[in-house]
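Enquirer: Give the three-dimensional model of this entry:
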Amino acid sequence: MLRKYALSLNNKNEVYLIDLNKNTIKAIEKNDFNRPQEFDWSPDGRYLAYVASIDSCRSGIRIYDTQKSDLRFLINPVCRDHSPSFDPEGKYIYFLSVREFA
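Expert: The predicted structure is shown next:
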């Protein structure tokens, strides 16, 4: 059975994962800088990708694994990463990045 999830965001910059099969709610992120945004699910529904700020100037792509309950950054954020999107087969994640190097 394919597990179905929903997301809930609140004014405290928290992200909650709602498991619609088990009727449970789990907090997966509390961000001190900004509300997480630009969510995308992998085609199989296992992974959630979204943008999360790490300070007032930088953001990165977070990946949440629903099977392992593991949350991590896709890569170390340098400036501003945004617009994550899984390819149709779920093998790759595409995203845009703003980077300036002097």
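Enquirer: quick one: which helix or strand includes the closest residue in space to Tyr64 that isn't next to it in sequence?
Expert: Beyond its immediate neighbours in the sequence, the residue positioned closest to Tyr64 (C-beta to C-beta, 6 or more residues apart in numbering) is Leu48, lying 4.3 Å away. For the C-beta atoms, the positions are set from N, CA and C on the backbone; glycine is no exception. Secondary structure assignment for Leu48, by DSSP states H and E: strand 47-53.
Enquirer: can you give me the angle the helix or strand that that strand is followed by makes with strand 47-53?
Expert: Where DSSP H and E defines the elements, the next helix or strand beyond strand 47-53 is strand 59-65. With axes from the mean of the first three to the mean of the last three C-alpha atoms, to 10 degrees as the criterion, the two stretches strand 59-65 and strand 47-53 enclose an angle of 150 degrees.
Enquirer: okay, strand 59-65 in PDB with CA atoms only?
Expert: Listed next in PDB are the C-alpha coordinates belonging to strand 59-65 (Å, rounded to 0.1, in the frame of the first residue of the first chain):
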ATOM      1  CA  SER A  59      18.900  28.700   2.200                       C
ATOM      2  CA  GLY A  60      19.400  25.100   1.200                       C
ATOM      3  CA  ILE A  61      17.400  22.100   0.000                       C
ATOM      4  CA  ARG A  62      16.300  19.700   2.700                       C
ATOM      5  CA  ILE A  63      15.400  16.100   2.100                       C
ATOM      6  CA  TYR A  64      13.200  14.200   4.400                       C
ATOM      7  CA  ASP A  65      13.100  10.300   4.200                       C
END
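Enquirer: Buried residues of that strand, list them for me.
Expert: Residues Ser59, Gly60, Ile61, Arg62, Ile63, Tyr64 are the ones in strand 59-65 that count as buried (16 or more other C-beta atoms under 10 Å).
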